[in-house]
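Colleague: Sharing a model prediction with you, sequence too.
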Amino acid sequence: MKIFAETERLILRELLPTDAAGMFEMDSDPEVHLYLGNKPFNTIEESEANIEFIRRQYVTNGIGRWAVIEKASQNFVGWAGLKLITEPINNRVNYHDLGYRFSKKYWGKGYATESAMAARDYAFNVLKLSEIIGIADVNNLGSIHVLEKTGLKRISLFDYQGIKHHWMEMKNPF
């Protein structure tokens, strides 16, 4: 099992098949999917397939979202990290998207910001990326706030699947 980053309270490691129950708890919650197209998972098999999809990204793209584990409890709290986007979004392709998703019971603890900052540092210090991108529904004020605290700036608005989104960027400061 590969650990990509650690923070004071979190371990960010590769997603494993054993994370399926935690993923399903998170992704079956309609509130978690409110700004994600409102398509919560209906079966644990969807979570298992999603984990396998992400694990293939590790091999194919050298990066993919990471499991976020709370150090104190060793509980799966969600996922965070980078994803290489290879399909056009907002007329851009082949960029690294910074993202995160957490089970509702872990909202409000600062884990999104903590894990986003760890992923940002990994992007710039380890992967030596020139920039990272963040995309957020204009109504998802919590996610926009996290991306801004992490250092991303609002660049433009664009239509994504019929909904206005912020396109946010951060250049490598080093």
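Modeller: Now that the structure is in, tell me what you want to look at.
Colleague: Neighbours of Asn42, how many?
Modeller: Using other Cβ atoms under 10 Å, Asn42 has 10 other residues around it. Heads up, the C-betas are built off the backbone N, CA and C, glycines and all.
Colleague: Looks like it contacts Asp27 (just checking).
Modeller: No: taking Cβ atoms under 8 Å as the definition, Asn42 is not a contact partner of Asp27, at 9.6 Å.
Colleague: any chance you could map the helices in the chain?
Modeller: 20-27, 44-61, 111-121, 141-150 (DSSP state H).
Colleague: isn't Leu129 right up against Pro173?
Modeller: No: applying Cβ under 8 Å as the test, Leu129 and Pro173 come out as separate, 11.6 Å apart.
Colleague: and these two? which has more neighbours close in?
Modeller: More neighbours surround Leu129 than the other of Leu129 and Pro173, with 18 against 7 (other Cβ under 10 Å).
Colleague: For the residue nearest to Ser115 when sequence neighbours are not counted, name its beta-bridge partners.
Modeller: Counting by Cβ to Cβ, 6 or more residues apart in numbering, Ser115 lies nearest to Ala80, which is 3.6 Å off, once chain neighbours are set aside. Legend: beta-bridge partners of Ala80 under DSSP bridges are Trp66, Tyr100.
Colleague: residues contacting Ala80?
Modeller: 12, 65-66, 68, 99-101, 112, 115-116, 118-119 (Cβ atoms under 8 Å, 6 or more residues apart in numbering).
Colleague: let's go with 10 Å and repeat that
Modeller: Going by Cβ atoms under 10 Å, 6 or more residues apart in numbering, Ala80 touches 4-5, 10, 12, 65-68, 98-102, 111-112, 114-119.
Colleague: same check, this time on Asn90
Modeller: Contact analysis of Asn90 by Cβ under 10 Å, 6+ apart lists 133, 135, 155-160, 165, 167.
Colleague: before we move on, what about Tyr95?
Modeller: Here Tyr95 is in contact with 83-86, 89, 129-133, 169 (Cβ under 10 Å, 6+ apart).
Colleague: ditto for Pro30
Modeller: Pro30 neighbours (Cβ under 10 Å, 6+ apart): 38-40, 104.
Colleague: Need the per-residue pLDDT for the residue nearest to Ser115.
Modeller: At Ala80, the model reports a pLDDT of 98.
Colleague: next one: Pro173
Modeller: So Pro173 comes in at 88 (pLDDT).
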